[in-house]
Structures are given as C-alpha cells and as structure tokens.
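S.K.: here's my sequence, what's the structure:
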Amino acid sequence: MMYKYEIILYWSEPDQLFVAEVPELPGCVAHGKTQDEALKQARIAMGLWLDTAREQGEPIPEPKGRRLMYA
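M.R.: Got it, this is the predicted structure:
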C-alpha cells in the first residue's frame, strides 16, 4: 500500500544507520543499514501506526502533501 505521508530520511552517525521519520504520524520512526531498507521499514511502520490508530478509534491525520522545512 502506498502512503502519502512525508518521510524524512537522514544518517545517524552515533547509530551508524539511516533513520526514516514520519513527522505527521507522531512516534513513527524506522531505521535501516541502507536508505532503501530504512524507507521499507518506514512504510511498514506507517501501516502499523495507521492500523493501531484505526483499532483504537484514534483520528488519522490527513497527509499534508507538502514539504516540511527544518533549519
């Protein structure tokens, strides 16, 4: 399944891993040894996050579909 949430991907020097964060889904973070692995894990984490929110009757954020900018 394709989700349209923004994923921020970065290298974590201390962990020696790529980290993929989904800012619109609080606490939704994944990691991997490669960028592709981190993105794959992020997609799995998004599915689990959304499934859990649905099961618990929590609101599902609408994807903003725009870039977030951080300084």
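S.K.: got the contact list for Trp11?
M.R.: Trp11 makes contacts with 17-19, as judged by CB atoms under 8 Å, 6 or more residues apart in numbering. All C-beta spots, glycine's among them, are computed from the backbone N, C-alpha and C.
S.K.: over to Asp36?
M.R.: Contacts of Asp36 were listed using CB under 8 Å, 6+ apart, and none were found.
S.K.: that one looks like it's in a helix, true?
M.R.: Yes. Residue state for Asp36 (DSSP: H, G, I helix; E, B strand; the rest coil) corresponds to a helix.
S.K.: show the pLDDT at it.
M.R.: Looking at Asp36, its pLDDT reads 96.
S.K.: any idea how far it lies from Leu9?
M.R.: As for Asp36, its distance to Leu9 is 10 Å (criterion: CB to CB, to the nearest Å).
S.K.: residue ranges in this protein under the pLDDT threshold?
M.R.: The model of the chain has pLDDT under 70 over residues 1-3, 65-71.
S.K.: next one: Glu55 from Trp49, what distance?
M.R.: For Glu55 relative to Trp49 (CB to CB), the value is 11 Å.
S.K.: the two: who's more crowded?
M.R.: Counted by other CB atoms under 10 Å, Glu55 and Trp49 do not tie: Trp49 has more neighbours, with 21 against 8.
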